[in-house]
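Q: no sequence for this one, just the structure:
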């Protein structure tokens, strides 16, 4: 692939594995439309599951796969950015800033001002309901109808969503990109922020991963956070059982050189509830590849239904977000 020359010096990278007319498809469409309208940024996209042309600066189409991570796609796209790109945002395919913040501009300004290598681009994240997401799709309006909120000010935490790095830094360090059971956001934030993992757990859990994290940390980073609000657009809720029990095998599977045909080892049990979940999902002779398939099906299986939404069944007093919700802006 040839290098591209552009006058833009900031890029935003997105990875999406979606089906056309699914919830995630419309989320991605809305997000790209928002960035095009509000910013002069170079948009690069790795797309699986549909051949739809999103008319971005760089679109790489790949076949649908259950064995991918967005971090691997981000690392891939870094090598094809124009030479003059200096700053790179990494966005989830279903998250976008709450209106009126000019968040991308503020992140770049503060990264330069404090000579940072990277920025966590939000402090609060609100999860839109099905109703409020459709309103956003249709009109761009954000209404006061949220499923829940995570906030750094009230003890909540959301690691993924939107990150910014100097291109020279992130090309050198790269993302940990082999989190086949998800949680790549959290694992990578341990690299970038002064967060630590429970060592008693992690040393038993996966020493190779812990060493990889420490090796990347030793390269050093100046990292900051912006006080701002991100919106997570709605998609149908996945089967939550898997999020509760995947830790039993996360250590065996989250490895650079994992053998997908290897049989699952003994589970790492932390709670009594996990024993029931193990009996429900795990069978004799189950392989790593089978568990990854299970993870994908449980996580994505409810997102295929697409439109129509059921907003006509829900009666809410729709009020503009800006009038009712105090945005925390730097």
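A: Cool, the structure landed. Just so you know, these numbers come straight off a predicted model, no measurement behind them. Numbering: from 1, shown residues only.
Q: what is the neighbour count of the closest residue to residue 87 other than its chain neighbours?
A: Distance criterion Cβ to Cβ, 6 or more residues apart in numbering; nearest residue to residue 87, sequence neighbours excluded, is residue 10 at 4.6 Å. From N, CA and C alone the C-beta is placed, and that goes for glycine too. As a burial measure, residue 10 scores 19 neighbours (other Cβ atoms under 10 Å).
Q: one more: residue 37?
A: Applying other Cβ under 10 Å, I find that residue 37 has 8 neighbouring residues.
Q: which stretches of the stretch 51-200 of the chain form strands?
A: 58-62, 87-91, 95-97, 118-120, 124-128, 146-151, 162-166 (DSSP state E, counting those that start in this stretch).
Q: let's have the ones you listed in JSON lines, adding mean neighbour count, mean pLDDT and distance to residue 23.
A: Shown next, in JSON lines, are the strands of the stretch 51-200 of the chain (neighbours: other Cβ atoms under 10 Å; pLDDT from 0 to 100; distance: least, Cβ to Cβ, whole Å):
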{"stretch": "strand 58-62", "mean neighbour count": "15", "mean pLDDT": "94", "distance to residue 23": "20"}
{"stretch": "strand 87-91", "mean neighbour count": "25", "mean pLDDT": "97", "distance to residue 23": "17"}
{"stretch": "strand 95-97", "mean neighbour count": "24", "mean pLDDT": "91", "distance to residue 23": "13"}
{"stretch": "strand 118-120", "mean neighbour count": "24", "mean pLDDT": "93", "distance to residue 23": "26"}
{"stretch": "strand 124-128", "mean neighbour count": "22", "mean pLDDT": "85", "distance to residue 23": "11"}
{"stretch": "strand 146-151", "mean neighbour count": "15", "mean pLDDT": "66", "distance to residue 23": "13"}
{"stretch": "strand 162-166", "mean neighbour count": "23", "mean pLDDT": "96", "distance to residue 23": "19"}
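Q: would you turn the ones you listed into JSON lines with distance to residue 68?
A: Listed next are the strands of the stretch 51-200 of the chain as JSON lines, based on distance: least, Cβ to Cβ, whole Å:
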{"stretch": "strand 58-62", "distance to residue 68": "8"}
{"stretch": "strand 87-91", "distance to residue 68": "15"}
{"stretch": "strand 95-97", "distance to residue 68": "18"}
{"stretch": "strand 118-120", "distance to residue 68": "23"}
{"stretch": "strand 124-128", "distance to residue 68": "24"}
{"stretch": "strand 146-151", "distance to residue 68": "26"}
{"stretch": "strand 162-166", "distance to residue 68": "19"}
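Q: residue 111: which of those is closest?
A: strand 118-120 (5.3 Å; Cβ to Cβ).
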